[in-house]
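Chemist: no FASTA, just this:
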């Protein structure tokens, strides 16, 4: 596995489960092309595809190897991108902010708020009422960590979805470098 992941890299996933498909559906904006990803996290410790450690919000915010969560026999597709406009100090601050959330329970109520906002044609109303820092979801953890150093994904932290982060990265190839394209882990 010759690909080396670095702290601050963003990984995005596309799952096969009903929940993954539902998340892709409710995070899609009106008139937007089909959503490609439904989950996001941050690499916090350097390593190759099998050893790099990430932080992500699952049933709670967890710290583990990407391989453990997404390696074979798992069928989720994974992509990894690296911001090219961050200093070493900014990366350190992003990692520290993401790590602060480890152990917090997942914000299931935020998913319900996303659904309600989607039913009201994407308004940012219900999500605004729920404090993401107490019960975070995946995109909130990533958006909050990057906001710590003044970076955003062209949406407010509480409004960010995995699709927003994906779209921003895809539109800003001058700021993000693809490290691993959207495919199964270990597929070279």
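Modeler: Yep, that arrived. What you see is a predicted model, and the numbers here were worked out from it, not measured in a lab.
Chemist: and residue 51, how many neighbours?
Modeler: 14 (other Cβ atoms under 10 Å). Glycine gets a C-beta too; all of them are placed from N, C-alpha and C.
Chemist: same check, this time on the one 4 residues further on
Modeler: Other residues within reach of residue 55 by the criterion other Cβ under 10 Å amount to 24.
Chemist: and what of residue 126?
Modeler: Close neighbours of residue 126, defined as other Cβ under 10 Å, add up to 18.
Chemist: pLDDT value on it, please?
Modeler: Note on residue 126: pLDDT of 72.
Chemist: which stretches of the protein form strands?
Modeler: Along the chain, counting by DSSP state E, strands occupy 4-5, 10-14, 39-45, 47-48, 53-57, 61-65, 77-83, 176-183.
Chemist: next, format those as TSV and append distance to residue 100 and mean pLDDT.
Modeler: Listed next are the strands of the chain as TSV, based on distance: least, Cβ to Cβ, whole Å; pLDDT from 0 to 100:
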stretch	distance to residue 100	mean pLDDT
strand 4-5	21	97
strand 10-14	17	97
strand 39-45	11	98
strand 47-48	21	96
strand 53-57	10	97
strand 61-65	9	97
strand 77-83	19	97
strand 176-183	24	97
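Chemist: those: which one's closest to residue 121?
Modeler: strand 39-45 (23.6 Å; Cβ to Cβ).
Chemist: which secondary structure elements does that closest one sit against?
Modeler: In terms of contacts (3 or more Cβ pairs under 8 Å, 6 or more residues apart in numbering; DSSP states H and E), strand 39-45 is packed against strand 10-14, strand 53-57, helix 88-100, helix 138-147, helix 162-171.
Chemist: angle of it against helix 88-100?
Modeler: Computed by axes from the mean of the first three to the mean of the last three Cα atoms, to 10 degrees, the angle separating strand 39-45 from helix 88-100 equals 120 degrees.
Chemist: how far does strand 39-45 sit from the chain's center?
Modeler: 7 Å (Cα atoms, centre = their mean, to the nearest Å).
Chemist: ditto for stretch 88-95
Modeler: With Cα atoms, centre = their mean, you get 17 Å for stretch 88-95.
Chemist: equivalent analysis for stretch 80-94, please.
Modeler: Between the centre of stretch 80-94 and the centre of its chain there are 15 Å (Cα atoms, centre = their mean).
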